[in-house]
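Participant: How does the following fold in three dimensions:
(one chain, ligands or ions: 2)
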Amino acid sequence: MQEAIARLPKVELHLHIEGSLEPELMFELAARNGVILPWDSVEAVRRAYAFSDLQSFLDVYYAGASVLVTEQDFHDLTWAYLQRCRSDKVRHTEIFFDPQTHTDRGIAFDTVISGITRALDAGRDQLGISSQLILCFLRHLSADAAMATLEQALPWKDRIVAVGLDSSEKGHPPEKFQHVFDRARGEGFLTVAHAGEEGPADYIRQALDLLEVRRIDHGVRCVEDPELVTRLVAEQVPLTVCPLSNVKLCVFERLEDHNLKQLLDAGVCVTINSDDPSYFGGYIGENFAASAEALDLSIDDLERLARNAVNAAFLETERRDDLLIEIDQWRERCESGCA
Ligand code: ADE
Ligand code: ZN
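Facilitator: Ligands and ions are numbered 1, 2, ... in the order given. Predicted structure coming up:
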């Protein structure tokens, strides 16, 4: 099974690039830029990764992101993630970035996106990994601040496929950003949103009805509203589920308690992703491996999860078809017993 997972061609749809900052790179960039961190060693940072909820994580995550200053820093961060993608057999990835985390510290929007896109272009050319970029608005900040960020993004429209919503969920419902998302769709962006991670099932409904999202990020609290689950199945709304994240942030006590398999069996278009792999103890391969073990996933389940991700991705038909063929080939190899 672990060998089959290692070989499975994967698509990642929920990855915060700032959440892939490994402590070693954090310290290297802090030294490079003269940034003082609240921790004095790599081990001390790792010890700080004991979270009680989403907010306790976000406090550490924003502190870590303060080492990212130059275009080269954003490039190096993204390049390091793409190397992990190569080891995990990720064939396509859709990356979130949080421009406000940087522009609010005086870093130019162009610095952030130039560094990220330079690495993504090299990832396509040198590693054969295709990608898309999704701009996330920080929901604990105002709708006006999100609108100003959207305006900064307009010159980069051809490099940003969608806008999303992340950060502290509770108390910041999707409806707060309806106007911003209306404008974003009017400008040609697709939309996604974090909803139903810590927040109630109603936030998932709001994201669908008011923000007209194409996917829900997390969405695991949908099970509290059975009619909503029926709708997610009928409309095949993809959920980008992040199993190790959900355990680290205490959404589920143990991975064995996670509802991923229940949702898959109910016909929901669920996918497996890593969220903030450096902080949550694993990249996508580890999320697949740990979930398969804890939830007793079968080869059929793995295939379904992989196909769901391809179908949920913002991909052109030709690339989508190629990735589906790669999954067919993986399956044939599994059947012939040498996976
Ligand atoms: N930003 C980074 N990771 C996040 C998560 N899991 N939920 C909300 N905002 C985030
Ligand atoms: Zn997330």
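Participant: rest of the way, CA atoms for contacts and neighbours
Facilitator: Fine.
Participant: Now do stretch 135-155, average pLDDT.
Facilitator: In this model, stretch 135-155 has an average pLDDT of 98.
Participant: Numbering from 24 from now on, please.
Facilitator: New numbering, starting at 24: the last item is stretch 158-178.
Participant: and it with ligand 1, contact?
Facilitator: No - Stretch 158-178 does not reach ligand 1 (CA under 6 Å from any ligand atom); its nearest approach is 7.8 Å.
Participant: Centre of the chain to that stretch, how far?
Facilitator: 18 Å (CA atoms, centre = their mean, to the nearest Å).
Participant: Stretch 329-344 too?
Facilitator: Relative to the chain's own centre, stretch 329-344 is displaced by 16 Å; criterion: CA atoms, centre = their mean.
Participant: residue contacts, Arg343?
Facilitator: By CA atoms under 8 Å, 6 or more residues apart in numbering, the contact list for Arg343 reads 333-334.
Participant: That one: what secondary structure?
Facilitator: Using DSSP: H, G, I helix; E, B strand; the rest coil, the structure places Arg343 in helix.
Participant: gap between the residue nearest to Gly219 when sequence neighbours are not counted and Val293?
Facilitator: Across the structure, with CA to CA, 6 or more residues apart in numbering as the measure, the residue nearest Gly219 apart from its sequence neighbours is Gly242 (4.3 Å). The span separating Gly242 from Val293 equals 9 Å under the rule CA to CA, to the nearest Å.
Participant: ditto for Tyr302
Facilitator: Note on Tyr302: its distance to Val293, by CA to CA, is 22 Å.
Participant: Where do the strands of the chain begin and end?
Facilitator: 33-39, 113-120, 153-161, 185-189, 213-218, 238-241, 262-264, 293-295 (DSSP state E).
Participant: Please name the nearest non-neighbouring residue to the closest residue to ligand 1 within the stretch 24-173 of the chain.
Facilitator: Taking CA to the nearest ligand atom as the measure, the stretch 24-173 of the chain has His39 as its residue closest to ligand 1, at 5.7 Å. With CA to CA, 6+ apart as the measure, Phe119 is the residue that lies nearest to His39, at 4.7 Å, once sequence neighbours are left out.
Participant: how many neighbours does the one you found have?
Facilitator: Applying the criterion other CA atoms under 10 Å, we find 26 residues in the vicinity of Phe119.
Participant: Now do it, the pLDDT please.
Facilitator: Listed pLDDT for Phe119 reads 98.
Participant: got the residues of the chain near ligand 1?
Facilitator: That would be 39, 189-191, 298-299, which are the residues of the chain within reach of ligand 1 (CA under 6 Å from any ligand atom).
Participant: dump the residue contacts of Phe275.
Facilitator: In this structure, Phe275 makes contact with 269, 281, judged by CA under 8 Å, 6+ apart.
Participant: make it 10 Å
Facilitator: Under the criterion of CA atoms under 10 Å, 6 or more residues apart in numbering, the contact list for Phe275 reads 243, 266-269, 281-282.
Participant: bridging residues for Gln155?
Facilitator: In this structure, Gln155 bridges to Glu117 when assessed by DSSP bridges.
Participant: Next, the contact list for it, please.
Facilitator: Residues counted as contacts of Gln155 (CA under 10 Å, 6+ apart) are 36, 115-119, 140, 143, 182-185, 336-338.
Participant: coming back round to it: same drill for Tyr302 and Val293, tell me which one is more crowded.
Facilitator: Taking neighbours as other CA under 10 Å, Tyr302 and Val293 compare with Val293 leading, 30 against 26.
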